[in-house]
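S.K.: below are the sequence and a predicted model for it; my questions follow.
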Number of protein chains: 2
Amino acid sequence: MVTDPEPNPGIGPTSQKGKGRDKTDLRRGVSRRGLLLGAGGTGLAVTAGAAFGLGRGTAPQPDPEDLLHGSQKIDFYGHRQAGIETPAQAHAVLIAMDLNKGIEGEDARRLLRLLTDDAARLTQGLPALADTEPELAARPARLTVTFGFGRHLVKLLNPDKVPDWLKDLPEFEIDDLDPQLCGGDLMLQLCGDDPIALAHARRMLLKDARAYASPRWMQDGFRNARGTQSEGSTMRNLFGQVDETVQPSKDEDGKEFAVWGHPPAGSSPSLRPWIEGGTSLVVRLISMDLDGWDELARSGKEASIGRDLRVGAPLTGTAEHDEPDFDAKTPLGFPVIEDFAHIRRAHSQAPEEQILRRGYNYDRPPQGDGRISDTGLVFLSYQADVTRQFLPIQQRLAEGDRLNEWTTPIGSAVFAIPPGCAPGGYIGDSL
Amino acid sequence: MVTDPEPNPGIGPTSQKGKGRDKTDLRRGVSRRGLLLGAGGTGLAVTAGAAFGLGRGTAPQPDPEDLLHGSQKIDFYGHRQAGIETPAQAHAVLIAMDLNKGIEGEDARRLLRLLTDDAARLTQGLPALADTEPELAARPARLTVTFGFGRHLVKLLNPDKVPDWLKDLPEFEIDDLDPQLCGGDLMLQLCGDDPIALAHARRMLLKDARAYASPRWMQDGFRNARGTQSEGSTMRNLFGQVDETVQPSKDEDGKEFAVWGHPPAGSSPSLRPWIEGGTSLVVRLISMDLDGWDELARSGKEASIGRDLRVGAPLTGTAEHDEPDFDAKTPLGFPVIEDFAHIRRAHSQAPEEQILRRGYNYDRPPQGDGRISDTGLVFLSYQADVTRQFLPIQQRLAEGDRLNEWTTPIGSAVFAIPPGCAPGGYIGDSL
């Protein structure tokens, strides 16, 4: 058994790198055990070794179970929902449902109470109330369940609270949307590091929702497995690009502003969340033409993105997080970062145009049409206001991003993310 | 950078538990780094901490990259192929292909040379020769690529070497096989702990095979993520049962006998592999009716299996690995383990009826038919002789396993597993 020493996030070689994220974890109240294990199975292992005083001969030996990340939990209850600022877990499942015919406000509240209870239990490694496979719930591995509401559901709960931006995105010329992959009244975003815990949670939530709602679309996704690379490394998509380099500043205020609508201290840009403690989620299922992409030379790929492929540095820099120099010119006078390069089109001077991205790759056997892959990205972005933060970026990209040649949005949805809840409450009770 | 101390598999709390498997790793020549990290991201972390002398102040600090399991490699070259006795990784992708029309022996050998080269590189964290996304190859996370040959391919390579058992299994009444999920001339079993490395390897291999062969079926699967539970824990399937408790004895001879056909020292049961260093693989895609299963009470589920669900102990015992007592009776005189319980039907007295199981779960969104899941098990078993080892067990189960009520085989295939190869050679060069 463990002596449960005070956590010391300052120990271990990754403590600097992981700092910003550890803070988030602390705020969300990750268990002490989680902290000891730290944020990525990396230096934290060393931290654990040091904390347990191994090799000193007198300290108690750790229970090996405590050194595994299967038992790590992310708090469910809180003013804000988990699964947004939580460092992205390895696997995700999105479930979008439509309320069944005849479901009114009270039924919807009953459904939300039920699913909240399931989520609160499953994320803490406890079986759901009517869990038929309780053993599969025992190791949540940072499972989170994040609720998103479509327009119809918010309207049912409180017609005065429907945000302006809660509707389908405008049509873009690049879109080739499948209605079966769009919209939904209620979305559950399940994330976790263990695929078995995730499969079980998906099933329990779908079973309990069955009397009230029917699946509209479901989508799996993955990033790197837990512990395969340093925490805080940017993930790569299946084009091989580092993806999500630019995020709202890790500085508390920057992220608060972009995701939760709170202006940075000392400034006063106006941006308000639709509800205190809430935010919004944009989902875009983006199919990627890997065969077409691979016909490009490496230099052509890099020019399309505006970054090198090896480390993800802007073509005007040497390290991933270098600021791109959009004015830099080649000796012949051409811009180093081309006019239609992805990062130039995505870049903005407007302070409100920041979004928190948290995407997942997908890759599945194609449906017998001769192709060898059905590959893409589940683009997920969180922002306080879809219209003012997400749309301008998306519009610039839709109009002139070179990457559009090899990418096609096939699914799209917008959800209002309600605040979290306290024990005894339920997600949506603030409406 | 790391001082590269001699590995000491004896340090750390899991060293006892992991011993049998470490031996396998040693034989396969896992890198020193792999050994230091050990077999499960568990106590090995502590091992690493101790080995690096952390806290003593004078020893060099480890490179955090070396503490991550993304860089762990399983040797590709060797007398036997990897991915069989290798402790099962978290994710698997099976790719079954048919040779294109007109492909003769020499073309087939060219294909095998090409894929062998790809596999040898990718498993070691190196890009394939014409790799278009080399960055995705950098962290193999114990990637293995195991080749299986169908009857047509063995015949092409050497008609004298076709084993008797290399053909479709006989039809069983329980089967509801989809021809699209059966057979294949060449099968690649990709296993690894990181889904991104796996997706990349799948794509590279399929691309390079494209001129010679076309995908027939593909199947993904998962077990618990690396490091979520102690190495050597038995996995659970999505019915919640512990699965694969009974395996060929870990004692060298027992496993050698069952998988490679070498008789245990001092005994002489006759069993021979089709080729020295080779074995066979049976694939069964088994769909599981979770909704039906969940209508059963817990006691009914346990009776169907013959084990309790909590720890997987036989109903006559208390721990998972207790020997079942098939003669035990209830006070009323009924057998404690029912006549049609799964473990009674699977059990055999015949020494040759041993198989090495290495299965994976699958769970995917159903194809819009109102169900909430499309769930099952990718059953994989390795044995020296399909007819003498696998078939008798399968026949008993097909005739009277209670679990058949909730499970349906929908896919089936048998492959001959050729020996491994040496650097410069290729898988199949011994034919």
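M.R.: Thanks, I have it. Numbers count the residues shown, from 1 in each chain, chains lettered A, B, ... in the order given.

S.K.: skipping adjacent residues, who's closest to A:Thr279 in space?
M.R.: Excluding the flanking residues, the one nearest A:Thr279 by C-beta to C-beta, 6 or more residues apart in numbering or on different chains is A:Ile417, at 4.7 Å. In this view, the C-beta of every residue, glycine as well, is placed from N, C-alpha and C.

S.K.: okay, now that neighbour: neighbour count?
M.R.: Per other C-beta atoms under 10 Å in any protein chain shown, the neighbour tally for A:Ile417 reads 27.

S.K.: contact partners for A:Leu296?
M.R.: Going by C-beta atoms under 8 Å, 6 or more residues apart in numbering or on different chains, A:Leu296 touches A:Ser304.

S.K.: need the phi and psi values for A:His342.
M.R.: phi -50, psi -50 (degrees, to the nearest 10).

S.K.: make that A:Cys191, sorry
M.R.: Per degrees, to the nearest 10, the backbone of A:Cys191 is at phi -130, psi 150.

S.K.: tell me how far it lies from chain B.
M.R.: Using C-beta to the nearest C-beta, to the nearest Å, A:Cys191 is found at 13 Å from chain B.

S.K.: what's opposite that residue in the beta bridge?
M.R.: A:Ala92, A:Thr144 (DSSP bridges).

S.K.: pull the contacting residues for it.
M.R.: A:Cys191 sits next to A:83, A:86, A:88-89, A:91-93, A:142-144, A:146, A:198 when contact means C-beta under 8 Å, 6+ apart.

S.K.: and the strands in the stretch 1-150 of chain A?
M.R.: Assigned by DSSP state E, counting those that start in this stretch, the stretch 1-150 of chain A shows strands spanning A:91-99, A:144-149.

S.K.: after the last one comes which helix or strand?
M.R.: What that stands for is strand A:144-149. Following strand A:144-149 in sequence order, the next helix or strand is helix A:151-157 (DSSP states H and E).

S.K.: can I get that following helix in PDB, CA atoms only?
M.R.: Backbone C-alpha positions of helix A:151-157 (Å, rounded to 0.1, in the frame of the first residue of the first chain) are rendered in PDB as follows:
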ATOM      1  CA  ARG A 151     -30.400  23.800 -30.500                       C
ATOM      2  CA  HIS A 152     -33.500  21.700 -30.000                       C
ATOM      3  CA  LEU A 153     -32.400  20.500 -26.600                       C
ATOM      4  CA  VAL A 154     -31.400  23.900 -25.300                       C
ATOM      5  CA  LYS A 155     -34.800  25.200 -26.500                       C
ATOM      6  CA  LEU A 156     -36.600  22.400 -24.600                       C
ATOM      7  CA  LEU A 157     -34.700  23.200 -21.400                       C
END
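
S.K.: out of the strands of the stretch 1-150 of chain A, which one sits most buried?
M.R.: strand A:144-149 (a mean of 26; mean count of other C-beta atoms under 10 Å in any protein chain shown).

S.K.: next, count neighbours for A:Gln180.
M.R.: 11.

S.K.: if we can go back for a sec, state the pair within the contacts of A:Cys191 that is farthest apart.
M.R.: Longest distance between any two of the contacts of A:Cys191 is 15.1 Å, between A:Thr86 and A:Val93; criterion C-beta to C-beta.

S.K.: returning to what we had before: export the strands of the stretch 1-150 of chain A to JSON lines and tack on mean pLDDT and distance to B:Gly105?
M.R.: Converted to JSON lines, these look like this (pLDDT from 0 to 100; distance: least, C-beta to C-beta, whole Å):
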{"stretch": "strand A:91-99", "mean pLDDT": "97", "distance to B:Gly105": "43"}
{"stretch": "strand A:144-149", "mean pLDDT": "98", "distance to B:Gly105": "54"}
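
S.K.: pipe these into CSV and attach distance to A:Leu129 per row.
M.R.: Output for those, formatted as CSV (distance: least, C-beta to C-beta, whole Å):
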stretch, distance to A:Leu129
strand A:91-99, 19
strand A:144-149, 15
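
S.K.: for B:Asp322, which of the ones you listed is the nearest?
M.R.: With C-beta to C-beta as the criterion, B:Asp322 lies closest to strand A:91-99 of these, at 34.0 Å.

S.K.: mind giving me the packing neighbours of that closest one?
M.R.: Secondary-structure packing of strand A:91-99 (3 or more C-beta pairs under 8 Å, 6 or more residues apart in numbering or on different chains; DSSP states H and E): helix A:105-122, helix A:151-157, strand A:186-192, helix A:195-209, strand A:213-222.

S.K.: nearest residue to the residue nearest the centre of chain A in space, please, no chain neighbours.
M.R.: Residue closest to the mean C-alpha point of chain A, counted by C-alpha atoms, centre = their mean, is A:Arg358 at 3.1 Å. Spatial nearest neighbour of A:Arg358, chain neighbours left out: A:Leu380 (4.8 Å); criterion: C-beta to C-beta, 6+ apart.

S.K.: using CSV, write down the CA coordinates of whichever strand or helix holds the one you found.
M.R.: Assigned by DSSP H and E, A:Leu380 belongs to strand A:374-383. Taking Å, rounded to 0.1, in the frame of the first residue of the first chain, the C-alpha atoms of strand A:374-383 are listed here in CSV:
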residue,chain,number,x,y,z
ASP,A,374,-10.7,5.7,-45.2
THR,A,375,-8.7,8.2,-43.3
GLY,A,376,-9.3,11.6,-41.7
LEU,A,377,-9.5,13.9,-38.8
VAL,A,378,-12.2,14.5,-36.3
PHE,A,379,-11.6,18.2,-35.9
LEU,A,380,-12.9,19.5,-32.5
SER,A,381,-12.6,23.1,-31.4
TYR,A,382,-13.8,24.8,-28.3
GLN,A,383,-14.5,28.5,-28.1
